[in-house]
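**Student:** Quick one: sequence plus predicted model below, questions after.
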Amino acid sequence: MKWSRNTPELTDQDDLLVHNWRAGQLKRLGVPEPLAEAAADRLDWHQVAALVDRGCPPVLALRIVG
């Protein structure tokens, strides 16, 4: 099969890889796994990280950004 960004199987796989990476970043910040999984595709984890770096509790940072 010729590789194409528009091939549904590859796009789904790519989307899953990105989701898992984003969820992993949130988990490393201290966000509980179920919340990290739910939020991974709907917010910018960099914003959460910035708040956590300033001392904001991870779950509160998630609520602020989300």
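**Tutor:** In hand now; what should we look at?
**Student:** what comes into contact with the lowest-mean-pLDDT helix or strand in the chain?
**Tutor:** Across the helices and strands of the chain, the lowest-confidence element by mean pLDDT, DSSP states H and E is helix 8-28, at a mean of 86. For helix 8-28, the external contacting residues (C-beta atoms under 8 Å, 6 or more residues apart in numbering) are 3-5, 33, 35-37, 39-41, 45, 48-49, 58, 62. All C-beta atoms are positioned from the backbone trio N, CA, C, and that covers glycine.
**Student:** Give me the buried subset of these.
**Tutor:** Leu35, Ala36, Glu37, Ala39, Ala40, Trp45, Val48, Ala49, Pro58, Leu62 (16 or more other C-beta atoms under 10 Å).
**Student:** Out of the residues you listed, which two sit at the greatest distance?
**Tutor:** Largest separation among the buried ones among the contacts of helix 8-28 by C-beta to C-beta: Glu37 and Ala49, giving 17.1 Å.
**Student:** coming back round to it: show me what the helix or strand following the least confident helix or strand of the chain is packed against.
**Tutor:** From helix 8-28 onward toward the C-terminus, using DSSP states H and E, the following helix or strand is helix 33-39. Using 3 or more C-beta pairs under 8 Å, 6 or more residues apart in numbering; DSSP states H and E as the contact criterion, the neighbours of helix 33-39 among helices and strands are helix 8-28, helix 58-65.
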